[in-house]
Structure formats: C-alpha cells, structure tokens
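[1] Quick one: sequence plus predicted model below, questions after.
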Amino acid sequence: MNCATHLNELSPDFSSRVLRDVPMAKYTSWHAGGPARLFFAPRNAADLAAFLRQLPAHIPLLWLGLGSNLLVRDGGFPGAVIHTHGALGLLERISATTINVEAGVPCARIARQCVRWSLGPAEFFAGIPGTLGGALAMNAGAWGGETWQHVAEVDVLDRLGARRTRQPAEYQVGYRSVVGPADEWFIGARLVFERRPDANNEAIRDLLDKRRQTQPIGEWSCGSVFANPSGNHAARLIETAGLKGFRIGDASVSLKHANFIINHGAASAADIEAVILHVQRTIEAMYHVVLQPEVRIVGVPA
Ligand SMILES: Cc1cc2nc3c(=O)[nH]c(=O)nc-3n(C[C@H](O)[C@H](O)[C@H](O)COP(=O)(O)OP(=O)(O)OC[C@H]3O[C@@H](n4cnc5c(N)ncnc54)[C@H](O)[C@@H]3O)c2cc1C
C-alpha cells in the first residue's frame, strides 16, 4: 500500500489536511524511526471523529501522544498516525475533586494545575513526559502513583468515529498494562483527586531533582524500556549482567540507569531494537527471566 493510494481514498475534506511521509523521528523522544505514510492533526474531538468515519477500514491506525514510549521501525508506519498533542487540550475542574482532561494534555500540565487547584496526589504526573492519552493506554505511573488510580470514567472513540463513555470496571488494569475493548482510543477522562490544601510545586521539584540523580534525563530515550518482572527489577538484572554501556551503532544501554537505552544522536530504530533484543536474550540466558518491553514497537523494518 503506498501513500498515494491511501490519500486517494480519503474524502476531499480531509485529503488536503493530511500530511504524508512525516518522519516519526521528529515526534518521538528517541528521535528515531521512519515515516508515517499519513499524519493527521485533528482540530478537536468532533473533527477527529469525522476523520475516522471516512477513513477506509483497511488503513492501519496509530495514535500518537508525545511519543515518549514509542519506537517506530525505520521503514515507517504504513497507515495513518493521529497526533493528539496540541489538539485535545482541554483541562478543567468540574467539581471540588474531579477534573476533566482531554487526551492531548501533557501529564506535567495536569500535575502543575492540580497544585493550583489544591488537589492531589497528582505530583507523580510530573514524572511522565507524555500525554494523558498515552498515560491511560500505558497505566503510566511514577513515585507510587498510577494513572488509573484516579480514573472515574474515560471517553473513547472507536474506529468508526463513534464516541462512548466507559467505566474503569470495563478495563483490566495492571502494572503498565491496560486491556479494554478492541479498536477504541482515549479522547479524555474524568480524574478524581483529594483536596490537598498543602499541595505545592516544591514537592514536584524535589521529586524531579531526585530523578535527575538516577536517570539520564535530557538524553534521547524512552524512559524505562522493560517492565519490571514480578519480584525483580529490570535495571538490576541488566546491570548485574554487565550490560551497562552495551552499544550497537549509536544506541547503547545507559551507564546511569540500566533500563534506559540512549540514542546518542544518529541511532536508527534498528540499532535500538537490536540493543533491546540483545538485552532480552542475555537476561533470558543468564537468569531465565524473559523481560517484556514496556515501550511499544510498531511499523515495518527498512
Ligand atoms: C525520560 C522518560 C522518563 C519516563 N518515565 C516514566 C515513568 O516514570 N513512568 C511511566 O509510566 N512512564 C515513563 N516514561 C514513558 C512514557 O512517558 C509513558 O509511557 C507515557 O505515558 C507515554 O505517553 P505518550 O503520550 O508519550 O504516548 P506515546 O509514546 O505517544 O504512545 C504510547 C502508546 O500509547 C498509545 N496511545 C497514545 N495516545 C493514545 C490515546 N489517546 N488513546 C489510546 N492509545 C494511545 C500509542 O498508540 C502507543 O501505543 C518515561 C519516558 C521518558 C522519555
């Protein structure tokens, strides 16, 4: 399937607004990866629903937040990427303890705004460099807090653009894992917190400072690559296996935090994936533990 075929299949309302062959390296925190054949930045949720209604069913779909947990292979994504950040940006308080957040809102903004509203504990959101949509998809968490601990209900769109509100009970939520109805994506959520008159930005700064001491913040990464296996820490296993600094091309296991893989500037997605595979194979051979990637790997090889 080539790009022209896809574009010709879109309704005229959208074909002029859809970009083609957009390098995903520009939209992922690893700064690596091939092009999205089609790339759509909706104006709002209704516009996105209309786009989905006319999108032919055979065109693969990838929702993108801030790309902080995503590896797109070098051959790119052979379908349509939906860019929520910058579009679904509503963040409002709707009761004493409940906020309404659209999926494109960065988690750090939720953390800061909750401090202003004297709500918490929401400080953990400051440690997640993604959007609410990505955090809902991953059950992202930090410092003991997790996204779904605060979800009262979510709004979703399905592949045909139909909008629904769903309850947490309709999802199986676990550590960095959320399983719900197939072919649906998050456009927003109501999140519930407690009243915290003493909530303050200093607490956020302290947590971020602590993190900077242990993690290679500022380098190109996707955060922790592997989920922690039950009863163990992926970073500890990788470090004791002697894999810190292991390098392929311009990608290597961080010297500072063994569960981070760094792109030093010119790594391809294939370099990064090869490091991931080498770490997995080594840990399985040495400790009989199969590390599961927490990052999402999509697309086709070059
Ligand atoms: C330096 C660094 C530190 C990090 N620290 C943490 C941490 O402490 N804890 C943690 O949990 N994570 C951490 N991460 C990983 C990452 O920030 C989270 O997983 C985050 O939730 C991803 O959000 P995103 O918007 O960037 O999602 P993306 O990377 O854009 O997408 C991730 C996945 O979610 C899907 N998705 C995105 N938006 C939607 C949507 N609206 N509806 C349905 N699916 C969607 C995508 O299709 C993809 O499968 C870190 C990353 C970095 C770079």
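    Okay, I see it.

[2] List the buried residues of the helix or strand hosting residue 262.
    Per DSSP states H and E, residue 262 falls inside strand 261-263. By 16 or more other CB atoms under 10 Å, the buried positions in strand 261-263 come out as 261, 262, 263. Glycine gets a C-beta too; all of them are placed from N, C-alpha and C.

[3] Over to stretch 188-195?
    188, 189, 190, 191, 193.

[4] looking at the sheet around the nearest residue to the last one once chain neighbours are set aside, what are its partners?
    Closest residue to residue 193 in three dimensions, ignoring its sequence neighbours and counting by CB to CB, 6 or more residues apart in numbering: residue 119, at 4.0 Å. The bridge-partner assignment for residue 119, based on DSSP bridges, gives residue 195.

[5] contacts for the strand holding residue 262?
    With contact meaning CB atoms under 8 Å, 6 or more residues apart in numbering, strand 261-263 is reached by 30-32, 216, 219-222, 225, 250-254, 271-272, 275-276.

[6] Show me how far that strand is from its chain's centre.
    17 Å (CA atoms, centre = their mean, to the nearest Å).

[7] hmm, that strand touching the ligand?
    No. Remark: strand 261-263 sits outside contact range of the ligand, by CB under 6 Å from any ligand atom, the gap being at least 10.4 Å.

[8] which residues are contacting the following helix or strand past that strand?
    The C-terminal neighbour of strand 261-263 among helices and strands, as given by DSSP H and E, is helix 269-287. Here helix 269-287 makes contact (CB under 8 Å, 6+ apart) with 30, 32-34, 71-74, 225-226, 237-238, 241, 243, 246-253, 261, 263, 289-291, 293, 295, 297, 299, 301-302.

[9] Give me the buried positions along the following helix or strand past helix 269-287.
    Remark: after helix 269-287, the chain's next helix or strand is strand 296-298, criterion DSSP H and E. When burial is assessed from 16+ other CB under 10 Å, strand 296-298 yields the following buried residues: residue 298.

[10] tell me the average confidence for strand 296-298?
    Averaged over strand 296-298, pLDDT sits at 98.

[11] what lines up beside it in the sheet?
    Counting by DSSP bridges, strand 296-298 is paired with strand 70-72 (parallel).

[12] now the following helix or strand past the strand it pairs with, how far from the centre of its chain.
    Downstream of strand 70-72, the first helix or strand assigned by DSSP H and E is strand 77-83. Strand 77-83 sits 15 Å away from the centroid of its parent chain (CA atoms, centre = their mean).
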